[in-house]
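>>> My questions are about this predicted structure, shown below with the sequence.
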Amino acid sequence: MEEKALEIQIQDQDEGEILPDQGPKQENSITMEENCVIDQIKETEPSFGEEQNFNPILKQLDDLSTQIKILKTKQSVLSDEVKGIADGSFPGSDVSAALLHLSSEHEALKKKYLKESSERKRLYNEVIELKGNIRVFCRCRPLNQDEIANGFYSVVEFDPSIDTELQVTSSDSSKKQFKFDHVFGPNGNQEAVFAQTSPVVTSVLDGFNVCIFAYGQTGTGKTYTMEGTLDDRGVNYRTLEELFRISEERSDTMRYELFVSMLEVYNERIRDLLVDESNQHARKLEIKQSAEGTQEVPGLVEASVQNTVEVWEQLQTGSRNRAVGSTNCNELSSRSHCLFRVTVKGENLVNGQRTRSHLWLVDLAGSERVGRTEVEGERLKESQFINKSLSALGDVISALASKTSHIPYRNSKLTHLLQSSLGGDCKTLMFVQISPSSADSGETLCSLNFASRVRGIEHGPARKQSDPTDIFKYKQMAEKLKQDEKETKKLQDSLQSLQLRFAAREQLCRSLQEKLRDSENQLAEERKIRLQQEARAVAAYSTKPLGLPSVKAVPRAPAEKKPPLGPSKLRPPLRGITNFIPPPSPLQPCKVVAIGHPTLPSVDEKENFSRSISSCSTKTLMRPRRVSIAVRPASATVQFNQLKRRVSIATIRPEPQLHSTTGQPPNVHSTPQMPRRRVSIATLHPESNHGITGRMSFVRDPRRRVSRMFSPVQQSRPSTVEATPISSRSKFMGSPPTQIGSWNPKHPTVVALQKRHLVWSPLKQKGFKNDRKSLIPSLSDNWR
Ligand SMILES: Nc1ncnc2c1ncn2[C@@H]1O[C@H](COP(=O)(O)OP(=O)(O)OP(=O)(O)O)[C@@H](O)[C@H]1O
């Protein structure tokens with residue numbers, strides 16, 4: 001015991017001696033302690049020091065003392081070295097500067113790397129999205145021995161040059177074509193299948209949820225595709241292999257941890273397949289929503305896996321525990337949905353960012369219809385549950401396809417579990433497994449139709465990566481676009497109607513132009529005749545003795561009468577006429593008194609006026625046939641208009657005596673409320689009592705335009721002339737009236753002048769595409 005204590009003491013002392021900060025002082029104290037210990041031993045051992053009683057322990061001590069001395073020497077050398085280093089042999093400022101530079105460079109590179117890494121992720125994700133976040137592959141197994149033996153044949157055709165299409169001949173011999181993201185024929189091997197699958201799978205390492213499931217009739221190869229065999233591994237194993245490979249590749253910058261779980265949904269119950277059957281009863285697994293909004297199964301075993309060997313072990317364990325039944329379709333038919341979940345936890349070693357994502361690999365139960373499997377009892381119940389969950393899957397897919405606000409994920413355990421992996425921001429890949437056999441053509445068509453529905457889903461992944469403000473902006477833009485479209489449609493409609501109206505107007509205008517031309521010709525003709533008549537009248541008058549004032553004496557030959565115009569000639573000329581001013585007449589203008597003016601001329605004045613009229617009556621014949629009279633209500637003087645070819649319109653105040661003079665009916669509208677209505681004024685007639693017979697004044701009905709014009713040839717009935725209401729604008733614009741009341745203007749120009757304001761030509765309007773030159777302005781110009 002004592003020896004042991006001594007040994008420990010010495011060891012302690014040795015340890016203490018090698019400490020660099022203990023100087024020579026400590027060394028001396030140790031030496032003293034050593035001597036002291038030797039003395040103590042000598043005391044306890046009386047024979048100590050004698051040759052014959054030499055103790056091997058003491059010899060050992062001696063050796064140790066020598067060793068200690070050697071060590072002490074070494075220690076002193078080392079401490080001298082350390083002192084030397086501290087004094088100045090350590091790398092100097094250059095090295096420090098280089099180190100600083102390197103560390104800043106390292107930081108910059110780190111930043112660059114992070115940026116590039118996130119860009120790579122983004123681009124990769126974009127590629128996947130472009131390919132489709134929900135992708136559907138179709139895989140057809142080869143005909144098996146039984147089928148060949150039974151004489152069944154293949155009803156599925158593939159075109160080797162097109163790997164996205166297949167054709168199925170149904171029982172009624174009709175052919176139906178289907179198109180998917182990829183089609184694998186009976187010769188398609190597991191490698192080829194995984195080559196197309198791997199881009200989706202690796203998204204899980206970038207933090208995206210992924211779901212791959214195999215759907216199809218029993219015995220079509222769902223388990224073969226997902227699990228495969230020992231010699232020919234399926235998607236599950238290959239996926240894990242790939243994940244390990246990539247995580248190894250990224251080990252410099254990322255650290256990944258992989259966990260696997262395996263569960264089964266059997267008769268709407270969740271079973272953990274990594275737990276022995278004996279322990280199952282104590283556990284009841286339920287789906288709960290986590291704080292992050294994902295669906296979790298608390299209590300589900302998550303086995304950590306480091307390599308593919310471990311993965312394969314777990315897969316085997318799960319497969320053993322899986323509920324497998326027996327039906328007519330397939331002896332090893334799985335009667336449950338098998339879900340293999342890989343949880344990937346990633347940590348970015350550069351920036352410390354962490355991710356957690358799930359990859360679901362699902363082998364669904366057979367999709368065949370219940371009637372086909374000829375089962376009863378427990379098997380029937382299983383089939384019903386399977387069908388219920390598969391139809392729930394179909395409903396979810398259908399709701400996603402139609403973009404309804406409510407997706408019925410909770411209608412079955414299967415869809416509830418896969419909620420975060422179907423639609424939305426995850427990647428989904430579906431294998432539709434089919435049998436080529438003619439015996440299964442009905443089921444094959446059902447499966448393909450279901451898969452086509454899945455393929456019809458429009459993915460909406462942009463939600464995940466889009467900025468909410470961007471979404472709002474896009475929404476606003478979309479709404480604006482909608483409104484713009486509506487307005488454009490409205491404008492197009494109105495443009496169309498305007499074009500129709502324009503075409504109608506143009507047509508009308510053309511016909512009016514035609515008629516105008518006719519009228520002009522007729523007018524020219526008529527004027528010629530008129531001038532001849534007037535010349536004759538002047539000649540006859542000049543042969544008579546002077547003092548014959550009355551024009552009445554001038555015999556009027558029937559031929560001199562202005563030939564009446566036919567109805568078609570009543571069509572008024574257009575605006576060219578309204579501005580027509582005839583060349584100044586060589587004759588004196590005829591004075592005219594405005595009737596209805598407050599300062600009516602006296603009798604003498606009237607006589608003088610009558611004489612004047614008589615004297616100029618023949619001259620009047622030489623003048624243009626129409627004169628204009630304008631009466632200004634405020635003016636006290638009689639105004640004579642310059643003889644023009646236009647009829648002016650006067651504004652008349654209500655004058656009771658005027659009515660009595662002109663024999664107007666008492667109900668003529670002359671109320672003060674309508675003093676400014678315009679009326680048309682008639683021309684003179686030389687035979688009038690006052691020299692102004694035939695000149696009528698009308699107060700116009702506010703709702704009707706009334707015009708009255710007397711022609712010299714109509715002198716026989718001046719007082720019976722009735723106001724002729726001008727037909728409405730539309731009437732004017734339409735075909736010429738065949739009957740215009742009791743009074744028809746005989747001269748087309750008169751009619752035109754009365755209505756000139758109503759003439760409108762669309763051809764005059766600016767902005768119309770049709771730039772055909774209207775005849776109207778040119779005619780007008782000519783007239784001017
Ligand atoms: N592409 C294929 N190439 C070769 N053999 C295949 C192929 N697909 C399936 N098989 C074989 O067909 C049989 C049935 O396959 P599997 O068990 O995978 O079908 P299943 O759809 O999973 O059936 P269940 O719904 O009953 O699970 C298996 O023997 C499998 O080896």
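Structure received.
>>> Please make it C-alpha for all contacts and neighbour counts, starting now.
OK.
>>> Now do the contacts for residue 312.
Listed by Cα atoms under 8 Å, 6 or more residues apart in numbering, the contact set of residue 312 reads residue 237.
>>> Doesn't it lie inside a helix?
Yes. Per DSSP: H, G, I helix; E, B strand; the rest coil, residue 312 lies within a helix segment.
>>> And the closest residue to residue 289 other than its chain neighbours, its phi and psi?
In space, and not counting its chain neighbours, residue 289 is closest to residue 295: 4.7 Å by Cα to Cα, 6 or more residues apart in numbering. Main-chain torsions, residue 295, degrees, to the nearest 10: phi -90, psi 130.
>>> likewise residue 494?
Main-chain torsions, residue 494, degrees, to the nearest 10: phi -70, psi -30.
>>> what about it, how many neighbours?
Burial of residue 494 is recorded as 12 neighbouring residues (other Cα atoms under 10 Å).
>>> pLDDT value on it, please?
Residue 494 is assigned a pLDDT of 90 by the prediction.
>>> Quick check: the gap between it and the ligand.
62 Å (Cα to the nearest ligand atom, to the nearest Å).
>>> Spell out which residues make up each domain of this structure.
According to the TED database, the chain comprises the domains 35-128, 132-466, 476-502.
>>> could those be laid out in a markdown table, adding distance to residue 543?
A markdown table is the format used below for the domains of the chain (distance: least, Cα to Cα, whole Å):
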| stretch | distance to residue 543 |
| --- | --- |
| domain 35-128 | 111 |
| domain 132-466 | 105 |
| domain 476-502 | 60 |
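>>> Of those domains, which stretch is the most buried?
Compared across the domains of the chain, domain 132-466 shows the largest average neighbour count, a mean of 18 (mean count of other Cα atoms under 10 Å).
>>> Could you list the single helix or strand in this protein with the lowest mean pLDDT?
The helix or strand of the chain with the lowest confidence, counting by mean pLDDT, DSSP states H and E, is helix 462-465 at a mean of 36.
>>> Kindly list the main-chain dihedrals of the residue of the stretch 401-550 of the chain found nearest the ligand?
When scored by Cα to the nearest ligand atom, the stretch 401-550 of the chain has residue 433 as its residue closest to the ligand, at 7.1 Å. Dihedral pair for residue 433: phi -100, psi 130, per degrees, to the nearest 10.
>>> what's the answer for residue 134, then?
The phi/psi pair for residue 134 (degrees, to the nearest 10) is phi -120, psi 110.
>>> The closest residue in space to it that isn't next to it in sequence: helix or strand, and which one exactly?
Spatial nearest neighbour of residue 134, chain neighbours left out: residue 428 (4.6 Å); criterion: Cα to Cα, 6+ apart. Using DSSP states H and E, residue 428 sits in strand 427-434.
>>> Quick one: list the elements packing against that strand.
Judged by 3 or more Cα pairs under 8 Å, 6 or more residues apart in numbering; DSSP states H and E, strand 427-434 is in contact with strand 134-140, helix 190-201, strand 210-216, helix 441-455.
>>> Can you tell me the strand partners of that strand and which way each runs?
As defined by DSSP bridges, the strand partners of strand 427-434 come to strand 134-140 (parallel), strand 210-216 (parallel).
>>> so that strand versus helix 190-201, what angle?
If you take axes from the mean of the first three to the mean of the last three Cα atoms, to 10 degrees, strand 427-434 sits at 150 degrees to helix 190-201.
>>> now strand 427-434 and helix 441-455, what's the angle there?
Going by the same axes, to 10 degrees, strand 427-434 is angled at 170 degrees with respect to helix 441-455.
>>> Pull up the gap between the closest residue to residue 275 other than its chain neighbours and the ligand, please.
For residue 275, ignoring the flanking residues on the chain, the nearest one in space by Cα to Cα, 6+ apart is residue 301 at 7.5 Å. Separation of residue 301 from the ligand (Cα to the nearest ligand atom): 23 Å.
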